[in-house]
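**Student:** Structure here, sequence nowhere to be found:
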């Protein structure tokens, strides 16, 4: 069966510090991968998506970046965090044997920038 | 602007009652999906309905789609306290590998 992991689960970082969130998927190959951010009480904002290694599409201009160094690994980074980067970050995958439409989400990372 | 918008924003019902949540969208879609999110957790896919389908069932869930009105509804029958969560509709406009566009969600509280 397929599983998706995210870490860390929670993170408190000062303004101006770097960020690295990691997401890995098991049990499928060549998945589409997604990073979302969810502000408190709000819906999901798509930040980045990737259809293959090294292929990253950005949805919203901001100080975040994403990379996909391996087929089932997706990393969200920032060189200098802003207060507005606080939120709940969710990684998701779709495709592979499950088909291309439904998305399957990780447990999320709660980021607080102080 | 949001492609999918749910209403009501919040719903509180008694255990055993039915819960109906609605979603409206703006442009033609390939399919519409409903997801559930328990507090502080990731989203869980509930059901997908394609643009050529009008109704779909999964256990206690019933989803309808009216493409002429660009709206969908999610009905949870015989609700349980464990159904307490946020529910999101999400639309897909294009073909395979297309992105999902999520609404802001509905907070459902089921009182024991």
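**Tutor:** Noted; the coordinates are in hand. Values in this document were obtained by computation on a predicted structure and should not be read as measured data. Numbers count the residues shown, from 1 in each chain, chains lettered A, B, ... in the order given.
**Student:** Just give the nearest non-adjacent residue to the residue in chain A positioned nearest to chain B, would you?
**Tutor:** Residue nearest to chain B within chain A: residue A:105 (3.5 Å; CB to the nearest CB). In this view, the C-beta of every residue, glycine as well, is placed from N, C-alpha and C. Excluding the flanking residues, the one nearest residue A:105 by CB to CB, 6 or more residues apart in numbering or on different chains is residue B:42, at 3.5 Å.
**Student:** what's the burial count for the residue of chain A closest to chain B?
**Tutor:** Neighbour count of residue A:105, defined by other CB atoms under 10 Å in any protein chain shown: 21.
**Student:** cool, residue B:26 as well?
**Tutor:** Residue B:26: 14 neighbours (other CB under 10 Å).
**Student:** What residues does chain B have near chain A?
**Tutor:** Within chain B, the positions adjacent to chain A are B:2, B:30-31, B:33, B:40-45, B:48, B:88, B:92, B:96-105 by CB under 8 Å from any CB of the partner chain.
**Student:** Drop anything exposed from those.
**Tutor:** Buried subset of those (neighbour count, 16 or more other CB atoms under 10 Å in any protein chain shown): B:31, B:33, B:41-43, B:45, B:48, B:88, B:92, B:98-105.
**Student:** the bottom helix or strand of chain B by mean pLDDT?
**Tutor:** When each helix and strand of chain B is scored by mean pLDDT, DSSP states H and E, strand B:4-7 comes last, with a mean of 81.
**Student:** ok, then the element right after that one?
**Tutor:** Using DSSP states H and E, the helix or strand that directly follows strand B:4-7 along the chain is strand B:10-14.
**Student:** just to revisit the earlier point, can you tell me which of the residues of chain B next to chain A are in strands?
**Tutor:** B:31, B:33, B:43, B:44, B:45, B:48, B:88, B:92, B:100, B:101, B:102 (DSSP state E).
**Student:** Output the residues you listed as a markdown table; include the columns pLDDT.
**Tutor:** Formatted as a markdown table, these follow (pLDDT from 0 to 100):
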| residue | pLDDT |
| --- | --- |
| B:31 | 94 |
| B:33 | 96 |
| B:43 | 96 |
| B:44 | 97 |
| B:45 | 96 |
| B:48 | 95 |
| B:88 | 95 |
| B:92 | 91 |
| B:100 | 90 |
| B:101 | 90 |
| B:102 | 91 |
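**Student:** would a markdown table of the residues you listed with distance to residue B:79 be doable?
**Tutor:** Listed next are those as a markdown table, based on distance: CB to CB, whole Å:
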| residue | distance to residue B:79 |
| --- | --- |
| B:31 | 25 |
| B:33 | 20 |
| B:43 | 19 |
| B:44 | 17 |
| B:45 | 19 |
| B:48 | 22 |
| B:88 | 18 |
| B:92 | 27 |
| B:100 | 26 |
| B:101 | 27 |
| B:102 | 23 |
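**Student:** so which of these comes closest to residue A:66?
**Tutor:** Ranked by distance to residue A:66 (CB to CB), those are led by residue B:100 at 17.0 Å.
**Student:** Nearest residue to the closest one in space, please, no chain neighbours.
**Tutor:** Nearest residue to residue B:100, sequence neighbours excluded (CB to CB, 6+ apart): residue B:90, at 4.2 Å.
**Student:** Tell me how many other residues crowd the one you found.
**Tutor:** There are 27 residues near residue B:90, going by other CB under 10 Å.
**Student:** Identify the bridge partners of it.
**Tutor:** residue B:33, residue B:102 (DSSP bridges).
**Student:** tell me the contacts of it?
**Tutor:** Taking CB atoms under 8 Å, 6 or more residues apart in numbering or on different chains, we find residue B:90 in contact with B:4, B:32, B:33, B:34, B:35, B:100, B:101, B:102, B:103.
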